[in-house]
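In: Curious how this folds, go ahead:
(2 chains)
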Amino acid sequence: MSRTEALRRLYLLSWRLHRGPVAAYLALTVCDILATGAFALSLRELIQAALGKHLAPALYAAGGAALSWTVTIIGGAARGNVGNLLTEALSRELDVEILQLIGRFGELARTERPEHADRTAMVRGSGEVIAHGIWTLVDGAATIVRLVVVVGILILVAPVLLVLVVLLVPALLLPRRGQRRIRAAAVAGAQDVRLAGHLHTLLTDPAPNTEVRIAGAGPALHARAEQAWERVARRQASAQWAAAGIGASGWALFILGYTAAMLLIVHQVTTGRAQPGDVLLIATLAGTLRTQAEGAVRALHRTADGMSALDAYTWLHREAGATVTAVSPGRIPERLHRGIRLHRVSFDYGPGREVLREVDLTLPAGSTVAVVGEHGAGKTTLVKLLCKLYEPTGGTITVDEVPLAELSTGAWWQRTTASFQDFARFFFVARESVGVGDLAALDDDQRITRAVRDGDAEQVIAGLPDGLGTRLGRSFGGAELSRGQWQRIALSRAAMRVAPLLCVIDEPTASLDARSEYAVYQRQLTMAKSLAGTAGTVTVVVSHRFSTVRTADLIVVLGNGRIVEQGDHEQLMALGGTYAELYRLQAAAYLDDRSAVQ
Amino acid sequence: MIHEVRTRWRLLGALRYAGPRLAIALWIAALGLALLPTATGLATGALISRLMGDPHDTYGLTTLTLAVGALALASQALEFGHSALRVVVSQRINARHRMEIAGLAAGPRGIRQLEDPAVQDDLSAAVLKGMPHWIHYSFGTGAVGQLSITTRTIGACVAAAVLATFSWPAAICLLATALLVRAGTRREWLRQHGVVRRLTPGIREEEYLAEIVSAPWAAKETRIFGLGDWVTSRYRELVTGRVSAVAGVRRQLLRRSRPHFLLLAVVTAAGLVQLVVAAVHGSISPGELALYLGVFWALMAVSKWDTEAYDVEFAGVPALLAADRLRAKLSPSPAPSPHRDPVAPGTTPRIQLAGVGFRYEGGERPVLHGLDLTIEPGELVALVGTNGAGKTTLTKLLTGLYQPAEGVISVGGTALADLDPAVWQGRVAVVFQESTRYELTFRDNVTLGAPGEPDPVLLEDVARRAGITGLVDDAPLGWDTPLASAYSGGIDLSGGQWQRVALARALYAVARGARLLVLDEPTAHLDVRAEADLLARVTAAARGASVLLVSHRLATVRQADRIAVLTGGRITESGTHDQLMALNGTYAEMFHLQADRFTGTDLPSPGKHDEVIAR
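Out: The predicted model follows:
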């Protein structure tokens, strides 16, 4: 979609949505243009008629001046409000459309690329900027027409006044340089503004302030905040003074021209070649000229903002259009019989940024598989590949011998459930925060209650003022949960699906105390067994805690993107490799007799 | 009414925060701008008058024309100067205001006042925290805006006074109409803005939903659980509700602007007609007509409503009142406790809690009740308990941030209540689970652990002990590297790295005289290898200070000199690991829960452990 196409589409959309306001907006714009010329001409007519002692024309002129002036004042405000009305209506349509387009992005690797993420972040919620830009464009056109009208009248009065128009050029260009300096100062001061804001939070937010108080760091932080503000203020002030100086000098030139023109007209009046009313006309129009010219520049600026948002929007259209789902959707099995297999699976973020190298692995149906390894070993990537959030860059993954790539992504996700280490904290009511794990069962309290039990979140829910009906998230006036409590909500969410083929549990007990850790561990084990019976589910557990890992049917040790060791606990301990070493290290802390560790 | 005028007067008074020179300059610029239209009208009128009366007085005409030009130049220069001054002054005011608010918040009143939701609301209101991005007003622009409104009104009054020499009833009528229309329009726009602002929480909700669909933190779950459409349709519902609510007030405003339009058009026309008739009948000269016309428009211009009213109503006044409330709540108490250090030089005091109880405001039952605990000098005491047992509350009591509701906490024999909390806090160092992350340099992040000039030798020493030397060496600017990538040369640290930095900070404080080190889950973010030897290193570095360790990791806890179990708001067990294991109580059960999974006695008999869980 090109920019012109997008513009055409959006204007038509506006017209379809709100014929009345669109018509009103255009009418008010035309009135405004007419009023600008009418006011200046009426004033001249008024003076001329009064001088000539012609009462009737003078009265008409007075009425014309009063009306056109009122149109400018009140009509301008009304036009602004109709514009807001239109902008809001259109921005609603745009924002919904934008979200739908973003929601269409499937595969995660592409959307995780910084430039993609940046553009997505930019276009999200930009409906208002785009909609505003659309109407500013109309506004800008109107301002230019008004400018032409004013210039036309001036030239009609005295062609020499064309000089004023020429002098507008430096007057308009110079302030832009000043504005650039102000913007540059704002950019240069952004770090200090951020710092000052951060320090303010440290001093006023009880959570960080607790530590600040104990450390006695308050006075030092206060002084730093003061310095940061001082730097911001100084930098901004010097840019402001410079901008004011530059801007004023640009207009000084225009004023000189204006004064010269006045002297000329005054001279012409004394020699009878001009009317006294012309003096008043020029005095009035010089002010109008300035307002209009500045308005035109401003409108251009704002239109530019809108256009760059519009470009991001057309980009989104192209990008979402390029997202294709599986060509020939294979059938998802009702239950797993054989399991999930990885054949020489590799994944990289680009040349030289390999995360997984030619991994061969079989996850038998109905088994619990534990994945361990140090930071950056590729555990998370492996999980994302299984969840079809990433596509392998080499090799294939098969589900009961059907390549995962041939299965519809949406359908695979419907049979997958997961709780991640960096789980999402959904600030919905508790029932929904759990229930979205299976949207079809969002109204099924029984299912939700069962999931809460399976995620060991019963105490969390019982501690909420309205139980499952409690809104979560302090920023929405709801209950705030600790990390451990949030984790249990995430685990409950993952327990919603009835018959998943794949269940991923990533660091299930990182934030839990001894009792919860034990309880969660027991429940996950029971759940994995029961799912294995229902659907042959493969449960994948990623964990640092070796006590959690040891009962898995299969333990996979990843290192540097490869499988270093695999087998069950006894086999790996007998092997005496990485697993055995790390296991002994953790166990030793609990045991008095190290030799007892096996 | 009087109260409102007083508030606005005080808002004007806030201009002094910018310093006398800037404040006076802004006053002059604003007044000048307000009076110049009238002056220009007078000069133009005089010029036309002279043109009609004495067209051959070249000198007089030139002088008057130059005067009109000079006034135009002055108004232009003033306008640029004024717009610069507005920004500079409002920024200065904001800085002073924010520093005052931060000073009140960080002042000697305790952390409990700060945790009061009403105080937090006022803190947000005072600095207009959490405003949507499209709002640019602040306390400073409120004060500056109030000045513009005031001077513009003065300008209109002066114009009216000049016009009164033509006809005082007309002048009064025009001024009244202009001010009436301004007030009416302002009321309508403020009402509209108020509705839009009231819908702001809804906008936050909309933005949150939009974020779920597009932000990385939710990307995995939204895909796997297929939340995109569900969230988007909910989003559409919310936006539609808001947009139609706003559209309602917008239409209302448009309807209500009709009478204003009529009134203004009729009164303006009537005023002009009166002038024209007088001119045609010769009761005023053409020059006077031009003069009065100039003043006429200067007067009527005040009917245009001032957008600065937004700044005043929605930023200036609320921030001013919030600051008043904060001053009342957070100003230092009149009688500060004696500034006495309970710690004799070179010693570590015994810390004793006797019968300590504590209850949060509005809490149903006390968090702590009848708690007894002694920390001997140099002892490493571990505190164990389930989530929410009151461990954090206990640390806040120990550090003097909270005062116990009952019982006594004493340090070296002196009750904490009789001491200046700040002095005792100088003797305490903490490492919290979520330690504070200063967006400052590496050096600051460590040396801010204790007040006073940074000690470079000490810095290197604690860095080595906390294991961050390598981290500092690898950082682009070494010790001067800011710890947030948003700053030039800055880097982001991982959770585990931050925990080490926090540890270094606490060790620095210990080296500078802290005698109690509180470690709250110090190993939560650390990996297996780091966790194993952390405690040994810390205790070695503690140099005889007492250590209170709060942890779920019983493998770490068992190394403590003494372990205290906190349940039901009291210490129920206390002793060494071996003693508590022999006691076979809560601690022993919890320890078995973690340890048995290593020993091969997996899936222990359900009865015993389910009982533990149920507790």
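In: Would you confirm that A:L363 belongs to a strand?
Out: Yes - A:L363 forms part of a strand when assessed by DSSP: H, G, I helix; E, B strand; the rest coil.
In: my read: it touches A:R341, true?
Out: Yes - contact between A:L363 and A:R341 holds when scored by CB atoms under 8 Å: they sit 7.3 Å apart. Yep, even glycine has a C-beta here, placed from its N, CA and C like the rest.
In: Counting neighbours, go ahead and name the busier of these two.
Out: Under the criterion of other CB atoms under 10 Å in any protein chain shown, the comparison of A:L363 against A:R341 puts A:L363 first, with 24 against 18.
In: ok, that one - contacts?
Out: By CB atoms under 8 Å, 6 or more residues apart in numbering or on different chains, the residues touching A:L363 are A:339-341, A:369, A:386, A:538, A:540, A:554.
In: Okay, it and A:S346: tell me how far apart.
Out: 18 Å (CB to CB, to the nearest Å).
In: where's the spatially closest residue to B:M99 that is not a sequence neighbour, which helix or strand?
Out: Closest residue in space to B:M99, ignoring its immediate chain neighbours: A:E226 at 5.8 Å, by CB to CB, 6 or more residues apart in numbering or on different chains. A:E226 is part of helix A:218-270, with elements assigned from DSSP states H and E.
In: now that helix, how far from the chain's geometric center?
Out: Averaging C-alpha positions (CA atoms, centre = their mean, to the nearest Å) puts helix A:218-270 35 Å from its chain's average.
In: Does anything pack onto it? Which helices or strands?
Out: helix A:162-204, helix A:276-322, helix B:20-53, helix B:58-105 (3 or more CB pairs under 8 Å, 6 or more residues apart in numbering or on different chains; DSSP states H and E).
In: 7 Å instead, please
Out: In this structure, helix A:218-270 makes packing contacts with helix A:162-204, helix A:276-322, helix B:58-105, judged by 3 or more CB pairs under 7 Å, 6 or more residues apart in numbering or on different chains; DSSP states H and E.
In: Can you lay out those as a markdown table showing mean pLDDT, distance to B:G585 and mean neighbour count?
Out: What follows is the helices and strands packed on helix A:218-270, written out as a markdown table (pLDDT from 0 to 100; distance: least, CB to CB, whole Å; neighbours: other CB atoms under 10 Å in any protein chain shown):
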| stretch | mean pLDDT | distance to B:G585 | mean neighbour count |
| --- | --- | --- | --- |
| helix A:162-204 | 86 | 41 | 18 |
| helix A:276-322 | 80 | 61 | 19 |
| helix B:58-105 | 92 | 43 | 21 |
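In: So which of these is nearest A:V149?
Out: helix A:276-322 (8.7 Å; CB to CB).
In: and that closest one with helix B:58-105, angle?
Out: Relative orientation of helix A:276-322 and helix B:58-105, computed by axes from the mean of the first three to the mean of the last three CA atoms, to 10 degrees: 40 degrees.
In: Which SSE is immediately downstream of helix A:276-322?
Out: Counting by DSSP H and E, the element after helix A:276-322 in chain order, helix or strand, is strand A:339-348.
In: List of residues touching that following strand?
Out: For strand A:339-348, contacts defined as CB atoms under 7 Å, 6 or more residues apart in numbering or on different chains pick out A:354-365, A:381, A:385-386, A:390, A:392-399, A:502, A:538.
In: Let's see which of those end up in helices.
Out: Judged by DSSP state H, the contacts of strand A:339-348 include A:381, A:385-386 as members of helices.
In: with those in mind, which one is nearest to B:A588?
Out: For the ones in helices among the contacts of strand A:339-348, the residue nearest B:A588 by CB to CB is A:L386; the value is 40.2 Å.
In: Which residues are in contact with that closest one?
Out: A:340, A:502, A:504, A:540.
In: pLDDT score for the nearest residue to the first one once chain neighbours are set aside?
Out: Right, A:I340. Take A:I340 and drop its neighbours on the chain: the residue closest to it by CB to CB, 6+ apart is A:L363, 4.4 Å away. pLDDT for A:L363: 95.
In: just the contacts of A:L363 now: which is nearest chain B?
Out: The closest of these to chain B turns out to be A:L386 (CB to the nearest CB; 11.0 Å).
In: who in the stretch 351-500 of chain B is up against chain A?
Out: Residues of the stretch 351-500 of chain B lying near chain A by CB under 7 Å from any CB of the partner chain: B:386-387, B:399, B:401, B:422, B:425-426, B:428, B:430, B:432, B:435-436, B:439, B:448-451, B:486-488.
In: In the stretch 151-300 of chain B, what residue lies closest to chain A?
Out: B:G228 (3.2 Å).
In: I'd like to know how far that residue sits from A:V460.
Out: Distance from B:G228 to A:V460, counting by CB to CB: 27 Å.
In: what secondary structure does A:V564 sit in?
Out: Classified using three-state DSSP, A:V564 is strand.
In: Bridge partners for the residue nearest to it when sequence neighbours are not counted, pull those for me.
Out: Distances taken as CB to CB, 6+ apart put A:V557 closest to A:V564, at 4.6 Å, once the chain neighbours are dropped. Counting by DSSP bridges, A:V557 is bridged to A:V372, A:E565.
In: A:V557: neighbour count?
Out: 24.
In: How about the contacts made by it?
Out: Counted by CB under 7 Å, 6+ apart, A:V557 has contacts A:372-373, A:564-566, A:578-579.
In: mind checking pLDDT for it?
Out: 92.
In: next one: the one 4 residues further on
Out: Here the pLDDT value assigned to A:G561 is 88.
In: thinking it is in contact with A:E358, fair?
Out: No - with contact defined as CB atoms under 7 Å, A:G561 does not reach A:E358; the gap is 8.9 Å.
In: Domain map for chain A?
Out: A:3-158+A:274-320, A:335-415+A:501-598, A:423-498 (automatic domain parsing).
In: Minimum distance to B:G194: which of those has it?
Out: Closest among these, using CB to CB: domain A:3-158+A:274-320, at 14.9 Å.
In: Please compute how far that closest one lies from its chain's middle.
Out: Worked out by CA atoms, centre = their mean, domain A:3-158+A:274-320 lies 27 Å from the chain centre.
In: ok, back up a step: save the ones in helices among the contacts of strand A:339-348 as TSV, and put in pLDDT and distance to A:V498 too.
Out: Below are the ones in helices among the contacts of strand A:339-348 laid out as TSV (pLDDT from 0 to 100; distance: CB to CB, whole Å):
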residue	pLDDT	distance to A:V498
A:T381	89	28
A:L385	93	24
A:L386	94	20
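In: what's in contact with stretch A:25-37?
Out: A:68, A:71-72, A:75-76, A:78-79, A:82-83, A:86, A:138, A:142, A:145-146, A:149-150, A:153, A:288.
In: so which of those also contact chain B?
Out: Among these, chain B is touched by A:A78 when using CB under 7 Å from any CB.
In: filter the contacts of stretch A:25-37 to the buried ones?
Out: Among the contacts of stretch A:25-37, the ones that count as buried by 16 or more other CB atoms under 10 Å in any protein chain shown are A:68, A:71-72, A:75, A:78-79, A:82-83, A:86, A:138, A:142, A:145-146, A:149-150, A:153, A:288.
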